[in-house]
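S.K.: got a predicted structure plus its sequence, pasted below:
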Amino acid sequence: MKVLVPVKRVIDYNVKVRVKPDGGGVDLANVKMSINPFDEIAVEEAIRLKEAGKADEVIVVSIGVKQAQDTLRTALAMGADRAILVAAAEDIHTDIEPLAVAKLLKAVVDEEAPELVLCGKQAIDNDMNATGQMLSALLGWSQATFASGVDIDGDVARVTREVDGGLQTISVRMPTVVTVDLRLNEPRYASLPNIMKAKKKPLIEKTAADYRVDVSPRLEILATSEPPVRSAGIVVGSVDELVAKLKDAGAV
Amino acid sequence: MAVLLVAEINDGDLAMDATAKAVSAAAQLGDVTVLCAGADCSKAAAQAATISGVEKVLCAQDEVYGHQLAEPVADLIVSLAGGFEHITAPATAGAKNILPRVAALLDVMVISDAIAVVDSVTFERPIYAGNALQTVKSSDGKKVVTFRTSTFEAAETGGAAPVETIATVGSNGLSTWIEDTVAASDRPELTSAKIVVSGGRGVGSEENFEIIKALADKLNAGIGASRAAVDSGYAPNDWQVGQTGKVVAPDLYIACGISGAIQHLAGMKDSKIIVAINKDEEAPIFQVADFGLVADLFEAVPELTAKLG
């Protein structure tokens, strides 16, 4: 079984996000970028499937700017076998919408014929939480989102999902698209030898035009702004004072 | 203009709070028709009919909708889409599973987690876990939108909309429900709790989280944790509040032993009142706290538990 894992290059989750002064988006110039944390979990899961003998090959794919090569190399260093970069934007500030990404991924799936696509449940930049579901729809496949447990058994996968207030377990027919949540696993760190080895693993470059997919956005971004700033309140001197303040505020 | 709103239904009951909040958002776009899909949705449909501002309720009853599986529910919504310019839902885990699938089947973008309706094609939504807000204008023929419920007031009840039973479209059998495991706790669910008590790295161990639990139980609060506490193994991952965890906006958020890393603040800064208890007076959490207490949490938290209620 081939497993395809889409990975996105996003701002590192530890970096403070700054909106450009002209309201034209979030400043990404000279900012540390990393693999989307949820995608890293998806890569880890795919590698574990391979280690367990359930997958033969793990292919990672990234759609966006050329710099996403680094993101793919990270996934290769973790243990993915090969990588596909689909260049679809020139400017590092251009975010390709989930619908266009899903269409490109469908084209990659048509070419590579994986039986399983493992995606992060959402990217921590646009927070859309949509690509996996959209890909599944376009393929006409089953979907299992927000997975905290994945067990593949022949032509079905048993997936435990994080839903509001608990867990839901479903069985989906293969091939399938699974989007992963935080609890699924803890991604490994790439060792230095593996980072060196990753440099020699195959990485092919394609463009959106190669797949004849129109990536023009459906949503026009009119403005990007800072959220209202929260100002610091007061420091209380004791638990008694805190209790009094909370009671005054009607909070308890 | 006609708006379809997909109701949130759990075990045959309408999730009234989430649905009524989404109704007040959707009503800004036009006449709201609520879709209740379930194995037995008569009860939920009757409940939805009482929400003020609802023009009509559609009841789609079939076993295949019993567990809100994405594939059949999305097919149902798409079968109804012709009559609506907007397809909306509260931004619950259920709707986030289904609506992007609907959008792709209709070849339109989804607008997730809208926090404001600017006009019928323009919405405001948080990006970067709320560290920035984006105003987006859709050029799609149909707009598929989920609303973040914490930012809308619930519509009142007292209405009496007509309920119409509609034809269903069946299932393609792509997925089957096996079981639901409701969290084995009587505590309120983290994202909908009125009060949340969270612990960070300062709590020091899994055993020490008992003092956080004791305060939470006293206040009937949900329990959260910082990523640092989760990574250290003190708390399970589904307690994580932050950019990579859950985004909460309770009336009261009590942060204990949490320094206030950016990624944590992103998940809780919209809380109405924030209390921070930390022994490090330089901790960034104090910059967003309404009430800060510089103290050892192992003394202050049990004392607070004893003195509240």
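M.R.: It's in.

S.K.: the strands in the stretch 151-252 of chain A, which residues?
M.R.: A:156-163, A:166-173, A:176-180, A:203-207, A:219-225, A:234-236 (DSSP state E, counting those that start in this stretch).

S.K.: what's near enough to touch residue 101?
M.R.: Just going to use chain A. Residues near residue A:101 by C-beta atoms under 8 Å, 6 or more residues apart in numbering or on different chains: A:6, A:63, A:131, A:134. From N, CA and C alone the C-beta is placed, and that goes for glycine too.

S.K.: please go with chain B instead
M.R.: A:133, A:134, A:136, A:137, A:143, B:70, B:71, B:74.

S.K.: which of the helices or strands spans it?
M.R.: Using DSSP states H and E, residue B:101 sits in helix B:93-105.

S.K.: for the record, mean pLDDT for that helix?
M.R.: Regarding helix B:93-105, the rounded mean pLDDT is 97.

S.K.: downstream neighbour of it in the secondary structure list?
M.R.: Counting by DSSP H and E, what follows helix B:93-105 is strand B:110-114.

S.K.: helices or strands up against that next one?
M.R.: Under the contact criterion of 3 or more C-beta pairs under 8 Å, 6 or more residues apart in numbering or on different chains; DSSP states H and E, strand B:110-114 touches helix B:93-105, strand B:122-127, strand B:143-147.

S.K.: right, is the second one up against chain A?
M.R.: Read it as strand B:122-127. Yes: Strand B:122-127 lies within reach of chain A by C-beta under 8 Å from any C-beta of the partner chain, at B:122, B:125, B:126, B:127.

S.K.: specify the beta-bridge partners of the second one.
M.R.: In this case it means residue B:125. residue B:134 (DSSP bridges).

S.K.: what pLDDT does it get?
M.R.: 96.

S.K.: who are the contact partners of it?
M.R.: Here residue B:125 is in contact with A:127, B:111, B:112, B:113, B:114, B:115, B:133, B:134, B:136, B:148 (C-beta under 8 Å, 6+ apart).

S.K.: how about the first one, nearest residue that isn't a chain neighbour?
M.R.: In space, not counting the residues next to it along the chain, residue A:127 is nearest to residue B:127; the distance is 5.5 Å by C-beta to C-beta, 6 or more residues apart in numbering or on different chains.

S.K.: which residues of chain B fall in helices?
M.R.: B:16-26, B:42-49, B:70-80, B:93-105, B:209-219, B:227-231, B:262-268, B:297-307 (DSSP state H).

S.K.: which SSE is residue A:70 in?
M.R.: Applying DSSP H and E as the criterion places residue A:70 in helix A:68-78.

S.K.: list the buried ones in that helix?
M.R.: A:68, A:69, A:71, A:72, A:73, A:74, A:75, A:76, A:77, A:78 (16 or more other C-beta atoms under 10 Å in any protein chain shown).

S.K.: and the closest residue to residue B:50 other than its chain neighbours, what are its bridge partners?
M.R.: Nearest residue to residue B:50, sequence neighbours excluded (C-beta to C-beta, 6+ apart): residue B:157, at 4.5 Å. Taking DSSP bridges as the rule, residue B:157 bridges to residue B:51.

S.K.: is it true that residue A:94 lies in a strand?
M.R.: No: if the criterion is DSSP: H, G, I helix; E, B strand; the rest coil, then residue A:94 is coil and not within a strand.

S.K.: ok, the residue lying closest to it once chain neighbours are set aside - contacts?
M.R.: Spatial nearest neighbour of residue A:94, chain neighbours left out: residue A:65 (7.2 Å); criterion: C-beta to C-beta, 6+ apart. By C-beta under 8 Å, 6+ apart, the residues touching residue A:65 are A:9, A:87, A:89, A:90, A:91, A:92, A:94.

S.K.: got it, and residue B:197?
M.R.: For residue B:197, the contact set (C-beta under 8 Å, 6+ apart) comprises B:212, B:215, B:216, B:219, B:221, B:222, B:223, B:224, B:254, B:256.

S.K.: distance of it relative to residue B:174?
M.R.: Distance, residue B:197 to residue B:174, using C-beta to C-beta, to the nearest Å: 41 Å.

S.K.: repeat for residue A:33
M.R.: Separation of residue A:33 from residue B:174 (C-beta to C-beta) stands at 36 Å.

S.K.: count the neighbours of residue 156 for me.
M.R.: If you meant another chain, say so; for now it's chain A. Residue A:156 has 17 neighbours, counted by other C-beta atoms under 10 Å in any protein chain shown.

S.K.: try chain B instead
M.R.: Residues lying near residue B:156 (other C-beta under 10 Å) number 13.

S.K.: and what of the one 5 residues further on?
M.R.: Counted with other C-beta under 10 Å, the neighbours of residue B:161 add up to 19.

S.K.: chain neighbours aside, what residue packs nearest to residue A:207?
M.R.: Excluding its sequence neighbours, the residue lying closest to residue A:207 (C-beta to C-beta, 6+ apart) is residue A:87, at 5.0 Å.

S.K.: I'd say that neighbour and residue A:69 touch.
M.R.: No: counting by C-beta atoms under 8 Å, residue A:87 does not reach residue A:69; the two are 9.6 Å apart.

S.K.: residue closest to the middle of chain B?
M.R.: residue B:92 (4.6 Å; C-alpha atoms, centre = their mean).

S.K.: what sits against it?
M.R.: Here residue B:92 is in contact with A:164, B:8, B:15, B:18, B:149 (C-beta under 8 Å, 6+ apart).

S.K.: what subset of those is buried?
M.R.: Applying 16+ other C-beta under 10 Å to those, the neighbour count classes A:164, B:8, B:15, B:18, B:149 as buried.

S.K.: list the contacts of the second one.
M.R.: Residues in contact with residue B:8 (C-beta under 8 Å, 6+ apart) are B:14, B:15, B:18, B:19, B:22, B:89, B:90, B:92, B:94, B:95.

S.K.: of these, which is the nearest to chain A?
M.R.: Nearest to chain A out of the contacts of residue B:8 is residue B:92 (C-beta to the nearest C-beta; 5.6 Å).

S.K.: can you redo the contacts of residue A:65 as CSV with distance to residue B:180, secondary structure and pLDDT?
M.R.: Shown next, in CSV, are the contacts of residue A:65 (distance: C-beta to C-beta, whole Å; DSSP: H, G, I helix; E, B strand; the rest coil; pLDDT from 0 to 100):
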residue, distance to residue B:180, secondary structure, pLDDT
A:9, 36, strand, 98
A:87, 43, strand, 97
A:89, 41, coil, 95
A:90, 47, coil, 94
A:91, 45, coil, 94
A:92, 43, coil, 94
A:94, 41, coil, 95
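
S.K.: and the furthest pair within those?
M.R.: Using C-beta to C-beta, the contacts of residue A:65 span at most 14.2 Å, a distance reached by A:9 and A:90.

S.K.: show me which of the two is the more surrounded one.
M.R.: Taking other C-beta under 10 Å, residue A:9 and residue A:90 do not tie; residue A:9 has more neighbours (24 against 9).

S.K.: tell me the spacing between the more buried one and residue B:122.
M.R.: 28 Å.

S.K.: report how many residues lie close to residue B:218.
M.R.: Neighbours around residue B:218, by other C-beta under 10 Å: 17.
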